[in-house]
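J.: attaching a predicted model along with its sequence, questions to come.
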Amino acid sequence: MSQRIEDYGLIGDCQTAALVGRNGSIDWLCLPRFDSGACFAALLGTDANGRWLLAPKDKKYKVSRCYRPGTLILETTFELESGGAVRITDFMPIRRELADLVRIVEGLSSEVAVEMDLVLRLDYGSITPWIQQLNGAISLIAGPDRLTLRSPIKLENKDGRLVSEFSVRKGQQLAFNLTWSHSSQRIPKAVNSRRALLQTERWWKEWKKQCTLGGEWGDVISRSLITLKAMTYMPTGGVVAAVTTSLPEKIGGIRNWDYRYCWLRDASFTLSALLSCGCVEEANAWLNWLLRATAGHPSELQVLYGVAGERRLTEFKVHWLQGYESSTPVRIGNAATNQFQLDVFGEILDAVHKWWSLTRNVSEFGWTLIRSMIDFLEKAWHRPDEGIWEVRGPRRQFTHSKLMAWVAFDRVIEIAERTEFDGPVEKWRKIREKIRKDICKKAFNQDLNSFVQYYGASLLDAAVLRMPLVGFLPIEDERIQGTIAAIEKKLMVDGFLHRYESSAEVDGLPEGEGSFTMCTLWYADVLHMSGREEEAEQVLKRVLGVCNDLGLLSEMYDPKLKRQVGNFPQAFSHVGLVNTALRLSGRGVPEKPRKGSRAAKGAKLPRRSQNV
């Protein structure tokens, strides 16, 4: 049986990722390009679908674990009731040409008996690899993939399971290394595990230097930033929404989606959070990825892509996996790629605006992309869509989608006013005002004294809390305060916000899901803007209280079961954590350029740049 979602820790190398359980078992490992399959799929099925257990043979132990400060190197310590202790250090070295997973077993006291049980299955547990001894290593091949295991102890092959029992003494270290490569290539050279550990630790600490933050929330922000960095795909600059698929939004339910792709919305949010902390390099890489991935007419824009910009992400069900705690179906791919989500344009242009306000760089090529999007929006902003929550019901005039169309025009107007780029700014101002009036007239329900989910609705949606956050209406506006009060009353469950009032008519799915972490953090943001600082801090602390012991969050939290649910770790949740912590610290990046800056003074900025 799989462990609780919060029992897992994340390791990764910015192109692959794995989840390590508190029991020393790696139950999920993505191959390079995230969506190309998984070596270990016990998270979504049984041990027979692949896992790598490395832990004391005696199961009567106490577990403690932590990341090495400023890194993604995970250390799990097992203290046995009978005496003796052993530490497992798990990490992935940072190198682009190959992908490695290193596990170092270290004796801390006495002599401890350790067991190893490795079941490797490719293609989500469906393919048993061909196993052979080769050049002093164990080669496991299936189709295009080869995994090479180097072990300091002798392993026995029991019907495709590589097993062993061994002892580790105090001060002794034994390193295991699993390396992925193309099966058509030669077996890769062995990695010096101890040297790789030092290099990996140095790499992460060097990266973290650019975003060192102090204060009460500094450690929280830093851990979330490292988690977000791990969800970037270094070879291309893409940013995935999560490293897992089909972890349920309700235990036993069918709301199980594949999040190992680059949602433009999620990536834009991630970009903004990284920029807020000075991580400009990732922003530049993502913007260049955006130019490549979205090549073509804006009408052909997809809401999500593969990490290299792949467009065909056909959704299908994996019938041979029973799903996390029998939550079926297990889905690979995501049909949302065919949806029209109007708000994506606003998210992208809001992120580009924030990038520009910090770097003052927009190239002519970048401006061409911006212009093509805004020209498309001139004709498309009034269209119904599936919205931010990707409903699988009918398209509607979602309020949040219209809000983000307003944001798109607002941000582009600002860039055009502060640079030498040409554009029909006056026309854009008129469209911006038309959208504002349209929202205020059609999205506000007088009876509820609140903005609602879509035009003419009587249902609430936490996404409209973003209105003051993006500058659409001031926080003191009576309509905004009425909306906050209505959402508090109808969407709050045990201190956590749900996304919207569940309705099969709206989303086309059975009711039931956890509270949405990002929405709860938006709520904290508007409380803080409303002058309710103590309440905002309480909400943030409440969210931090449901993080696991490593500071990781999934997409949702079930306040009834008191469990994390949804894909894990989730970029959306950690973005919200960073933004709210920054806001409460008084260090958030403002939506508009600061007074006194070149942009605020109306300086004309260079048109050409090597950046986007």
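T.: Sure thing, it's come through. Numbers count the residues shown, from 1 in each chain.

J.: so what's the residue sitting nearest the centre point of the chain up against?
T.: The centre of the chain sits closest to A571, judged by C-alpha atoms, centre = their mean, with a distance of 2.3 Å. By C-beta atoms under 8 Å, 6 or more residues apart in numbering, the contact list for A571 reads L228, M231, V239, V240, A241, A242, D266, A267, F269, T270. (Each C-beta comes from the backbone N, C-alpha and C, glycine too.)

J.: the fifth one: how many residues sit nearby?
T.: Burial measure for A241: 25 neighbouring residues, criterion other C-beta atoms under 10 Å.

J.: how about the helices in this structure?
T.: Taking DSSP state H as the test, the helices found in the chain are 193-208, 218-230, 264-276, 280-293, 343-359, 364-380, 399-418, 425-442, 466-469, 478-491, 504-507, 517-529, 533-544, 571-585.

J.: dump the contacts of A571 into TSV; add distance to S82 and pLDDT as well.
T.: Shown next, in TSV, are the contacts of A571 (distance: C-beta to C-beta, whole Å; pLDDT from 0 to 100):
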residue	distance to S82	pLDDT
L228	41	94
M231	40	93
V239	46	91
V240	42	93
A241	44	94
A242	39	96
D266	47	89
A267	49	86
F269	48	88
T270	46	87
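
J.: low-scoring stretches of the stretch 201-350 of the chain, by residue?
T.: Within the stretch 201-350 of the chain, the ranges that satisfy pLDDT under 70 run 212, 214.

J.: recalculate using a threshold of 90.
T.: 208-218, 266-301, 308 (pLDDT under 90).

J.: any low-confidence regions in the stretch 51-200 of the chain?
T.: 95-98, 125, 134-136, 143-144, 159-160, 182-183, 185-186, 188-190.

J.: ok, the nearest residue to E81 once chain neighbours are set aside - contacts?
T.: Excluding the flanking residues, the one nearest E81 by C-beta to C-beta, 6 or more residues apart in numbering is K60, at 4.4 Å. Going by C-beta under 8 Å, 6+ apart, K60 touches L80, E81, S82.

J.: low-scoring stretches of the stretch 451-600 of the chain, by residue?
T.: 501-514, 585-600.

J.: could you dump the contacts of A571 to TSV with distance to V575?
T.: Shown next, in TSV, are the contacts of A571 (distance: C-beta to C-beta, whole Å):
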residue	distance to V575
L228	7
M231	10
V239	10
V240	13
A241	10
A242	12
D266	8
A267	10
F269	5
T270	6
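
J.: buried only: go through those for me.
T.: With neighbours counted by 16 or more other C-beta atoms under 10 Å, those contain buried members at L228, M231, V239, V240, A241, A242, D266, A267, F269, T270.

J.: tell me the one of the residues you listed nearest C30?
T.: V240 (9.5 Å; C-beta to C-beta).

J.: measure S372 to L301 for me?
T.: Using C-beta to C-beta, to the nearest Å, S372 is found at 10 Å from L301.

J.: quick revisit: nearest to D100, out of the helices of the chain?
T.: Taking the helices of the chain one by one with C-beta to C-beta, helix 193-208 is closest: 7.1 Å.

J.: same list (the helices of the chain) but as a markdown table, adding distance to Y324.
T.: Below are the helices of the chain laid out as a markdown table (distance: least, C-beta to C-beta, whole Å):
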| stretch | distance to Y324 |
| --- | --- |
| helix 193-208 | 29 |
| helix 218-230 | 20 |
| helix 264-276 | 21 |
| helix 280-293 | 30 |
| helix 343-359 | 28 |
| helix 364-380 | 37 |
| helix 399-418 | 29 |
| helix 425-442 | 39 |
| helix 466-469 | 30 |
| helix 478-491 | 26 |
| helix 504-507 | 21 |
| helix 517-529 | 18 |
| helix 533-544 | 22 |
| helix 571-585 | 18 |
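
J.: nearest to P144, of these?
T.: helix 280-293 (23.4 Å).

J.: show me what that closest one is packed against.
T.: Applying 3 or more C-beta pairs under 8 Å, 6 or more residues apart in numbering; DSSP states H and E, one finds that helix 280-293 makes contact with strand 232-233, strand 238-239, helix 264-276, helix 343-359, helix 364-380.

J.: swap the cut-off to 7 Å and go again
T.: helix 264-276, helix 343-359 (3 or more C-beta pairs under 7 Å, 6 or more residues apart in numbering; DSSP states H and E).

J.: what angle separates the longest one from helix 364-380?
T.: It refers to helix 343-359. 150 degrees (axes from the mean of the first three to the mean of the last three C-alpha atoms, to 10 degrees).

J.: domain parsing for this structure?
T.: As assigned by automatic domain parsing, the chain contains the domains 5-206, 212-585.

J.: ok now the longest one, how far from the chain's centre?
T.: Put simply, domain 212-585 sits 11 Å off its chain's centre (C-alpha atoms, centre = their mean, to the nearest Å).

J.: now do the strands in the stretch 51-200 of the chain.
T.: Listed in chain order, the strands of the stretch 51-200 of the chain (DSSP state E, counting those that start in this stretch) span 51-56, 61-67, 74-80, 85-91, 99-109, 112-119, 130-134, 137-142, 145-150, 156-158, 161-168, 173-182.

J.: direction included, what does the second one pair up with?
T.: Yep, that's strand 61-67 we're talking about. Next to strand 61-67 in the sheet, as set by DSSP bridges, lie strand 74-80 (antiparallel).

J.: quick one: distance of the partner strand to the chain centre.
T.: 27 Å.

J.: ok, residues contacting it?
T.: By C-beta atoms under 7 Å, 6 or more residues apart in numbering, the surrounding residues in contact with strand 74-80 are 9, 11, 20, 24, 55-56, 58, 60-68, 85-91, 112.

J.: give me the buried entries from these.
T.: In those, the ones that pass as buried (16+ other C-beta under 10 Å) are 9, 11, 20, 24, 55-56, 61, 63, 65, 67-68, 85-91, 112.

J.: the strands of the stretch 51-200 of the chain: which one's closest to L213?
T.: Using C-beta to C-beta, the strands of the stretch 51-200 of the chain put strand 61-67 closest to L213, at 16.5 Å.

J.: for the closest residue to V526 other than its chain neighbours, give me its contacts.
T.: What sits nearest to V526 in space, not counting adjacent residues and going by C-beta to C-beta, 6+ apart, is L465, at 5.3 Å. L465 makes contacts with I487, W522, Y523, V526, as judged by C-beta under 7 Å, 6+ apart.

J.: got a quick PyMOL command for the buried subset of those?
T.: In PyMOL, a selection of the buried entries from the contacts of L465 looks like this (16+ other C-beta under 10 Å):
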select buried, resi 487+522+523+526
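
J.: out of the contacts of L465, which is nearest to R202?
T.: W522 (36.9 Å).
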